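> Fold the following for me, if possible:
(2 chains)
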Number of protein chains: 2
Amino acid sequence: MKILSLNLLLLFLSSYAFSNDGYKLWLQYHTIENPSDWQKESFEHFKINGSSSTLDIIGDEIQKASLGFFQKVANQDTNNPKLIISKFSDLDQQKFPLDANKITSLGSEGFFIQDFDAGNQNKATIMVANTDIGLLYGTYHLLQKIQKNEAIPAEGIFQSPKTQHRLLNHWDNLDRTVERGYSGFSIWNWHRLPRHIDQQYIDYARANASIGINGTVLTNVNANSLVLTPEYLEKVKALADTFRPYGIKVYLTARFSSPIEIGGKVTADPLDQEVQDWWKEKAKEVYKYIPDFGGFVVKADSEGQPGPHNYGRTQTDGANMLADAVAPFGGIVMWRAFVYSEKTPDDRHKQAFNEFKPLDGKFRKNVIVQVKNGAIDFQPREPFHPLFGAMPKTPLMMEFQITQEYLGHDTHLAFLAPMYEEVLKEDTYVSGKGSEVAKTIDGSLHSHTLTAMAGVANIGTDRNWTGHHFHQANWFAYGRLAWDPYEKAENIAEDWIRLTFSNDDDFVNPIKEMMLNSREMVVNYMTPLGLHHIMARSHHYGPGPWVTGGSRADWTSTYYHQASEEGIGFDRTATGSNALGQYAMELQKKWGDINSIPEEHLLWFHHVSWDHQLKNGDNLWNNLAKHYQKGVEEARKNVKTWESMNGKIDDERHQHVLSFMKIQAEEAAWWRDACLLYFGQFSKMPLPEGVEPPKHDLEHYINYNPKNVPGI
Amino acid sequence: MKILSLNLLLLFLSSYAFSNDGYKLWLQYHTIENPSDWQKESFEHFKINGSSSTLDIIGDEIQKASLGFFQKVANQDTNNPKLIISKFSDLDQQKFPLDANKITSLGSEGFFIQDFDAGNQNKATIMVANTDIGLLYGTYHLLQKIQKNEAIPAEGIFQSPKTQHRLLNHWDNLDRTVERGYSGFSIWNWHRLPRHIDQQYIDYARANASIGINGTVLTNVNANSLVLTPEYLEKVKALADTFRPYGIKVYLTARFSSPIEIGGKVTADPLDQEVQDWWKEKAKEVYKYIPDFGGFVVKADSEGQPGPHNYGRTQTDGANMLADAVAPFGGIVMWRAFVYSEKTPDDRHKQAFNEFKPLDGKFRKNVIVQVKNGAIDFQPREPFHPLFGAMPKTPLMMEFQITQEYLGHDTHLAFLAPMYEEVLKEDTYVSGKGSEVAKTIDGSLHSHTLTAMAGVANIGTDRNWTGHHFHQANWFAYGRLAWDPYEKAENIAEDWIRLTFSNDDDFVNPIKEMMLNSREMVVNYMTPLGLHHIMARSHHYGPGPWVTGGSRADWTSTYYHQASEEGIGFDRTATGSNALGQYAMELQKKWGDINSIPEEHLLWFHHVSWDHQLKNGDNLWNNLAKHYQKGVEEARKNVKTWESMNGKIDDERHQHVLSFMKIQAEEAAWWRDACLLYFGQFSKMPLPEGVEPPKHDLEHYINYNPKNVPGI
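Numbering: from 1, shown residues only, chains lettered A, B, ... in the order given. All right, here's what the predicted structure looks like:
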């Protein structure tokens, strides 16, 4: 038998590492050095009870992991297994007497993993669940633990998701453009569907399952009725069939005017019997193609989308009509609260609350209202949306944006878990202290069982899926927080790094720190101290504090920053729009006072004079300028940190990230210079010491007009 | 030292093979079983003389190949090298006395490889060239020989390209859509350029260099002036810098109206001094960014593009103005002959000839006229373009289409080398017998030194570059034929299969046969017997023999097939448009006679009655129907053949190709049914025995309207 040295093998591996394009995401399954006996034995003697396409996937996954971790083939061993993967109903409960009640409480997606010693022949790691999908989640969890070199704790691992529907929302159009997509084009090749099932669809499902995502909305909320025609439903069915063994359901966006556009009706009035019947028939048709179709997401009466307002009807009229259509088949309707109009003479911040709060209790049971994390639109920082907790009789779900529409598009490293975590942890006080947003999301605050979270996907045709390699971490983090809204950003970051890049602590620790600080860095160089919505018009790429005029005031920067010689900021207290009045009294009190409001929200709620002193004793202008400067310096420091990691990971990803980080550092300075030049016109104060003078004059920045910016 | 068995290593490799997405193209470098001593020694003791970025690439390439072929690290050995790679000027000519004249005759891109024995210590394989790029080409040639398990012949390998400029034409728009692109979107991410150089740009250059392509036109012939602005020239420069070490020059398409659109001029009249000066300044600016910029490609006065006709000027006026602008810097202008107008009351076939032939001798020396292989537009089969050989005083270049606008888009396997070969081998008779088209292309027919070939690229963001894995073969074949227009399609197919998939003859032979037959199969089920341009309107996806009316007759099917109860076909003989008069007398005679014209061109030149007897004694209608049926049967047979290859290559590519082949078989039947139903209305004859009746009625096919077809 020919022999080869391990060194040569590793060298060979390194040639692959050399050309790692990132496609494998956090499922790298890179070599585990010095594996424990337990690790090896688990793979050499594993057993899966039962058979199904999901269980086949589990077997394949163990095989892939074994080859990656140990360069060994995993073996099924039915006689003396060391790792047993089994539904509870298929388990030999004589050998392994588990607590049936405890297992039942895992529900349909949870899993239990424990080392079990039932005498000499029956010593094994056991993974149990009530369903195949629970086992699939358990498998990914176990493989990740092994990759991280973690042991199974003595008490075992007992996990089930805290929310019911954990969804990606794809803002993908049928022509494969992606609204606010910065990583290429849509991975859904509608033209080739249903006849060609691309490997990437399978890899997509696998990646999502590995982080607990169980639903995907395939189409843009700015919807196209065409997807509801038979020609496209055939295609949707093909994707649903592909995703099913991974526990992922398919959902679609329903364009409210579909009865007119593809149904030949003269109206889409939700109280019109013919319209209601049309939707019922349409739902029936959809379920014929896809028996486990998840349901509809609807953006209505917002940003040009049709909706019940067109017929003088309410959001409940619209939502309930669709809910009634899908209810017989177990479907749900996710009705977006992102409703506002330039014709409503009120602060945009207040409009969703004003519209939805009075409707509390009027929605059907299978409707969940989908609320963005903040009241404006996915800004680098927003106070939590006042609707959270404010509709106790209605299930509310969270909509986070994973794609970085407002956080630097493709090239800016901004790890979003701290932002998600910040909102989830906020106390709404609506049922007294301890009414955190997360408790609305998991349903515990008002005892709802219909629970969900949505993340607007950042996935595209780029070879690494997400453009920036680090934006994979935001997809990963979103999945983890949808599974458990109480998870810590820090743990998520560390897990992601270890799974994606390396277990080397000299890499993990500095990179984790960099990631955890990155969102605050972006806030610093874009919108510090509560500033918001001051980016360029339409494509939202780069700074645009000067954006004013045009068709709608609520799409301009000057509307939001209100900068003048008197000061800056949007007065949302009782002296202003009183959006603050939509929050609990505790917050009205704390945030209403310019001296007690957390400075990170200052200009969101207050119009503040330039010379107002902040907590550090320095005035507003100087603080603002120093935040911008700090953001730039942090972005530059990241470049240095990353450069010092050269050689610790593969060259290809190292180079890719490095060039993006250099772009980020440049663009941080662009933001700083443009914003400080613009606001400086009003403050009329000099830049404080330590803040670099801008490279160009204001005109230069105003006139810069980049072409063909992606995502619109 | 830990040891691992070879079996385990191969197993590990197979896990990669299992998930081969095709990104590595024909550069798989898969394991060579039982390598010879010579093979191993060459890699264990190689030496590269000199240093440059191109020579570094050669070293990397040898390293990659060694790891792939033998799972071994290659070693530089300066003392006792077994493989010496050296420019002639850097070679120790005392040890290795080569014939200097012979080496000089290699030119700037050729290479010479020979096993050389100059005494015991000086036994080595030597690769010599006059330039680094010559060595790079030699390296790829050598590595391919090794992969194919071929030895170096005793007389050595002496190669240089037969054409000077071997170009890909990308019809890529700046928004990343690709005109007639069926494999995703443009790989040029203009937004990220110039600050991010994607690994794919490097891999693109590498792939092209490996088949001898030395130029790339980055932008669509339907051009956008924006690419000539400084903002975009910075981006173009970044690509040019990336491609340079691979011997690839960058070219752009010049929109004729640019002086107006980006230059602030009121005219683009080529005889206007200000316009001429503007282009001269623009060329100077371009060359400041890219000192070795290749030149411009221009589509003028065609399909809505601006051109000299707008100002009452000739094609020479336009071409020469641009030629004068780039001449000081060594640039060339490729002026497309694809000029026709719906306002010209003549057969579209004749218009380019009529326009260009009188201009022979009037172009500047650095202009080459770019002529499509046929006079209409890249049909599955066209007679060669009558301009070839007809402009003896003007260099003419070939434009082939690699992307399959008219041959089934992404999913139809059609190996195009036989089509390219067919045209290149055609005898034009313009300088007597033996005046093959290839002799125009290599310049030998009329002693031109400016020679070129262009291929309209089929490359996109699809993970395997080209959509269909087998469409990689068309990129490969184009490169090989541009290097040597006399190459045989059969050799190209075999090389591609061995490099891309496997050296197993049980795979190679049937797949080669399938490839070589595939284009004729497509002709059979789309446009047999000289039919042409009968596809669907605009997107050109699927059959559309009924297409008629609309803005231009020359964009309809009825214009081209002229079907009526009397017969079918376009009379281009003297009794018709007399396009045939543009060919040499020998061809006029042979093709003008309905009985001596090759049947493959019959309906291209003749209007033929349905009951006309063909050579096989059967009438036209029956022959037509049987051709369609044959194409369908062949497509179905390919599915079976490919299915039988299961297990001989990796599953991922096998599955991918299989699903495309099934689509092709379905669509072949679609073509047959639609065309025979349509033409049957006129022939009024029944389908002959053996031809399947259509699935649906004609209305069904006419009404089918697929949405969001890619490529427009």
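
> C-alpha only now, for contacts and for neighbours.
Fine.

> For chain A, which segments are assigned as strands?
A:3-5, A:46-48, A:83-87, A:111-117, A:123-129, A:157-159, A:165-169, A:215-217, A:249-253, A:295-298, A:332-336, A:367-372, A:396-401, A:452-456 (DSSP state E).

> Turn the ones you listed into a markdown table, columns for mean neighbour count.
Converted to a markdown table, the strands of chain A look like this (neighbours: other Cα atoms under 10 Å in any protein chain shown):
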| stretch | mean neighbour count |
| --- | --- |
| strand A:3-5 | 15 |
| strand A:46-48 | 22 |
| strand A:83-87 | 24 |
| strand A:111-117 | 21 |
| strand A:123-129 | 24 |
| strand A:157-159 | 19 |
| strand A:165-169 | 27 |
| strand A:215-217 | 26 |
| strand A:249-253 | 25 |
| strand A:295-298 | 26 |
| strand A:332-336 | 26 |
| strand A:367-372 | 25 |
| strand A:396-401 | 27 |
| strand A:452-456 | 26 |
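
> May I see those strands organised as TSV, with mean pLDDT and distance to B:E633 added?
Listed next are these as TSV, based on pLDDT from 0 to 100; distance: least, Cα to Cα, whole Å:
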stretch	mean pLDDT	distance to B:E633
strand A:3-5	39	50
strand A:46-48	96	44
strand A:83-87	97	48
strand A:111-117	93	52
strand A:123-129	93	50
strand A:157-159	97	55
strand A:165-169	98	43
strand A:215-217	98	40
strand A:249-253	98	37
strand A:295-298	98	43
strand A:332-336	98	47
strand A:367-372	98	53
strand A:396-401	98	51
strand A:452-456	98	46
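
> out of those, which comes closest to chain B?
Nearest of those to chain B, taken as Cα to the nearest Cα: strand A:3-5 at 4.9 Å.

> Pick out the residue in the stretch 501-650 of chain A sitting closest to chain B.
For the stretch 501-650 of chain A, Cα to the nearest Cα, closest residue to chain B: A:Y541, 10.9 Å.

> Tell me which residues touch the residue of the stretch 251-400 of chain A found nearest chain B, please.
Here the residue of the stretch 251-400 of chain A nearest chain B is A:I262; by Cα to the nearest Cα that distance is 13.9 Å. Neighbour list for A:I262: A:S225, A:L226, A:T229 [criterion: Cα atoms under 8 Å, 6 or more residues apart in numbering or on different chains].

> 7 Å instead?
Residues near A:I262 by Cα atoms under 7 Å, 6 or more residues apart in numbering or on different chains: A:S225.

> is any part of the lengthiest helix in chain A close to chain B?
Scanning chain A for the longest helix, with DSSP state H as the assignment, gives helix A:651-683. Yes. Counting by Cα under 7 Å from any Cα of the partner chain, chain B has neighbours in helix A:651-683: A:S659, A:F660, A:I663.

> burial of the closest residue to A:A124 other than its chain neighbours, as a residue count?
Among residues not flanking A:A124 along the chain, A:K82 sits closest, at 4.3 Å (Cα to Cα, 6 or more residues apart in numbering or on different chains). Neighbours of A:K82 under the rule other Cα atoms under 10 Å in any protein chain shown: 27.

> follow-up on the earlier one: what about the residue of the stretch 251-400 of chain A closest to chain B, distance to A:A323?
20 Å (Cα to Cα, to the nearest Å).

> Could you work out the end-to-end span of stretch A:315-334 for me?
Counting by Cα to Cα, you get 12 Å between the two ends of stretch A:315-334.

> what's the answer for stretch A:372-391, then?
15 Å.

> So what touches that stretch?
A:348-349, A:353, A:357, A:360, A:398-401, A:406-407, A:423, A:428, A:430, A:437, A:440, A:523, A:532-533, A:582-583, A:601.

> Pretty sure A:H601 sits against A:L529.
Yes. Between A:H601 and A:L529 a contact is recorded at 5.8 Å, counting by Cα atoms under 7 Å.

> and A:I152, how many neighbours?
15.

> Next: A:D175.
Neighbour count for A:D175, taken as other Cα under 10 Å: 16.

> Return the residues in contact with it.
B:N708.

> where does it land on pLDDT?
At A:D175, the pLDDT value in this model is 97.

> now A:W555: how far from A:A536?
Taken as Cα to Cα, the span from A:W555 to A:A536 is 10 Å.

> can you check A:S659 too?
23 Å.

> same question, A:D317
36 Å.

> Equivalent analysis for A:H45, please.
A:H45 is 58 Å from A:A536, by Cα to Cα.

> pretty sure A:M321 contacts A:P270?
Yes. Contact criterion Cα under 7 Å: A:M321 and A:P270 qualify, at 6.1 Å.

> Quick check on these two: which one has the bigger neighbour count.
Comparing A:M321 with A:P270 by other Cα under 10 Å, the one with more neighbours is A:P270, at 27 against 23.

> got the contact list for the more buried one?
Counted by Cα under 7 Å, 6+ apart, A:P270 has contacts A:Q276, A:P308, A:D317, A:G318, A:M321.

> Quick check: buried residues in stretch A:142-162?
Going by neighbour count (16 or more other Cα atoms under 10 Å in any protein chain shown), the buried part of stretch A:142-162 is A:142-144, A:146-149, A:156-162.

> out of those, what pair is the most spread apart?
By the measure Cα to Cα, A:N149 and A:K162 form the most distant pair in the buried residues of stretch A:142-162, at 25.9 Å.

> Per-residue pLDDT of the residue nearest to A:Y311 when sequence neighbours are not counted, please?
Closest residue in space to A:Y311, ignoring its immediate chain neighbours: A:D269 at 5.7 Å, by Cα to Cα, 6+ apart. A:D269 carries a pLDDT value of 98.

> As a check, name the ranges of all helices in the stretch 401-550 of chain A.
In the stretch 401-550 of chain A, the segments counted as helices under DSSP state H, counting those that start in this stretch are A:417-425, A:437-441, A:472-483, A:489-500, A:505-526.

> Let's have the ones you listed in TSV, adding mean pLDDT.
Below are the helices of the stretch 401-550 of chain A laid out as TSV (pLDDT from 0 to 100):
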stretch	mean pLDDT
helix A:417-425	98
helix A:437-441	98
helix A:472-483	98
helix A:489-500	98
helix A:505-526	98
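
> Relative to B:N638, which of those is closest?
Counting by Cα to Cα, B:N638 lies closest to helix A:472-483 out of the helices of the stretch 401-550 of chain A; the figure is 40.0 Å.

> Can you show me the CA trace of that closest one as CSV?
Extracted as CSV, the C-alpha positions of helix A:472-483 are listed here (Å, rounded to 0.1, in the frame of the first residue of the first chain):
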residue,chain,number,x,y,z
GLN,A,472,-22.1,35.9,5.7
ALA,A,473,-21.9,36.5,9.4
ASN,A,474,-25.1,38.7,9.2
TRP,A,475,-27.0,35.9,7.6
PHE,A,476,-25.7,33.5,10.2
ALA,A,477,-26.4,35.9,13.1
TYR,A,478,-29.9,36.5,11.8
GLY,A,479,-30.7,32.8,11.8
ARG,A,480,-29.3,32.4,15.3
LEU,A,481,-31.3,35.3,16.7
ALA,A,482,-34.5,34.1,14.9
TRP,A,483,-34.0,30.7,16.6
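
> Tell me how far that helix lies from the chain's centre.
6 Å (Cα atoms, centre = their mean, to the nearest Å).

> Between the two ends of stretch A:74-86, how far is it?
The straight-line separation of the ends of stretch A:74-86 (Cα to Cα) is 17 Å.

> Could you do stretch A:388-408 as well?
So stretch A:388-408: terminal residues 27 Å apart, Cα to Cα.

> and it, which residues are buried?
Buried residues in stretch A:388-408, counted by 16+ other Cα under 10 Å: A:388-408.
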